[in-house]
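Peer 1: attaching a predicted model along with its sequence, questions to come.
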Amino acid sequence: MALSSFISCLTPVSALTPQALPAWQGPGRVDVLRLDQLHPLISGNKAFKLSGWLERFESGGYQRLLSFGGPWSNHLHALSGLAQSLGLPVTAIVRGYEHLPLTPTLEDCRDRGMQLVFASKKDYARRDDPDWQQALAEEYQALVIPEGGQGRAGEKGLAALAPLTEDYDEVWLAAGTGTTARGLAMHLRPGQTLVAVNAVADQGALRRRWQLLDWPCQWRLLDDYHGGGFGRCGPGLLQLIEHCDGEGLPLDPVYTAKLLAALHGEQQAGRLTHARRLLIHTGGLQGRRGVPGLTHP
């Protein structure tokens, strides 16, 4: 199936209009780009990261797609939706054990035809090992996509978002692997600032990697809003999600909730200027099912 078929099944990016952040009373203007509304199965930033990998798949003569993820992986969830939409075979190396009950995320992946291969925590730790990736590629005759869709191919598709950022001084988004942030930053102007909220307690690893890169725009990385670690959702974050639900802005607990927490935290600390800000809602709402009390909106 052609790449054009994948793109055509998405809501056109040009049809996505940033919305004013509900009840914002801080300095400057804050809008939200709702990428969660892009597609029912392949929503958020995942659609853009996967488009670059799909181009590589089409040109490489592969038989199937293969990638990695945890039991609540937004990446695997989107990848299974893409594979189902295009009729492509897909395999997931999942951190976990086959005898345990499947999460709703993995149930969705299985029901869409994704082959689930479970790996222990020790084995899964090798997911970035080039030798293991090569062995998997040969065994499954597959294009191996790194966890989260990271890599140059994953960054490539973010160019499509650049036109929607032109009216803003700052572009804010949450970061995991940092692929979306890096890909988008390559298309921002020197006068713009990318503000990334680190969703991972990585002891400065992402910052150190970024300091080695040549950025066309200014950037800031906020490391203090991860809430204790990746996927952690404490009472304060849960309260923020419930408040935003009431305002008509559903958040996912892993990324966008931390993004909003960072915005309000920086406001309370007096570190916000009267700038025009665009917040990127990167989707992942299916992951709400992993937090007691939250449902998929």
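Peer 2: Received, thanks.
Peer 1: residues in contact with the host helix or strand of residue 53?
Peer 2: Assigned by DSSP states H and E, residue 53 falls within helix 46-60. Outside helix 46-60, the residues that touch it by C-beta atoms under 8 Å, 6 or more residues apart in numbering are 2-3, 6-7, 10, 35, 38-39, 42, 65, 74-75, 77-79, 82, 86, 88, 143, 145, 148-158, 160-161, 179-180, 183, 283. Glycine gets a C-beta too; all of them are placed from N, C-alpha and C.
Peer 1: quick one: buried ones out of those residues?
Peer 2: 6, 10, 35, 38-39, 42, 65, 74-75, 77-79, 82, 86, 88, 143, 145, 148-151, 153-158, 160-161, 179-180, 183, 283 (16 or more other C-beta atoms under 10 Å).
Peer 1: restricted to helices, list the residues you listed.
Peer 2: Using DSSP state H, the members of those that fall within helices are 6, 74-75, 77-79, 82, 86, 153-156, 179-180, 183.
Peer 1: tell me the least confident of those?
Peer 2: Note: of these, the lowest pLDDT belongs to residue 6, at 58.
Peer 1: in the stretch 51-200 of the chain, which spans are strands?
Peer 2: In the stretch 51-200 of the chain, the segments counted as strands under DSSP state E, counting those that start in this stretch are 64-69, 90-95, 115-119, 142-145, 170-175, 193-198.
Peer 1: show me which residues of the fifth one are buried.
Peer 2: Meaning strand 170-175. Quick answer for strand 170-175 (16+ other C-beta under 10 Å): 170, 171, 172, 173, 174, 175.
Peer 1: packing partners for that strand?
Peer 2: helix 179-185, strand 193-198, helix 256-268, strand 276-281 (3 or more C-beta pairs under 8 Å, 6 or more residues apart in numbering; DSSP states H and E).
Peer 1: how about the last one?
Peer 2: Packed against strand 193-198 by the contact rule (3+ C-beta pairs under 8 Å, 6+ apart) you find strand 170-175, helix 179-185, strand 218-222, helix 256-268.
Peer 1: where does the residue lying closest to residue 234 once chain neighbours are set aside sit: helix, strand or coil?
Peer 2: Distance criterion C-beta to C-beta, 6 or more residues apart in numbering; nearest residue to residue 234, sequence neighbours excluded, is residue 227 at 5.6 Å. What DSSP: H, G, I helix; E, B strand; the rest coil gives for residue 227 is coil.
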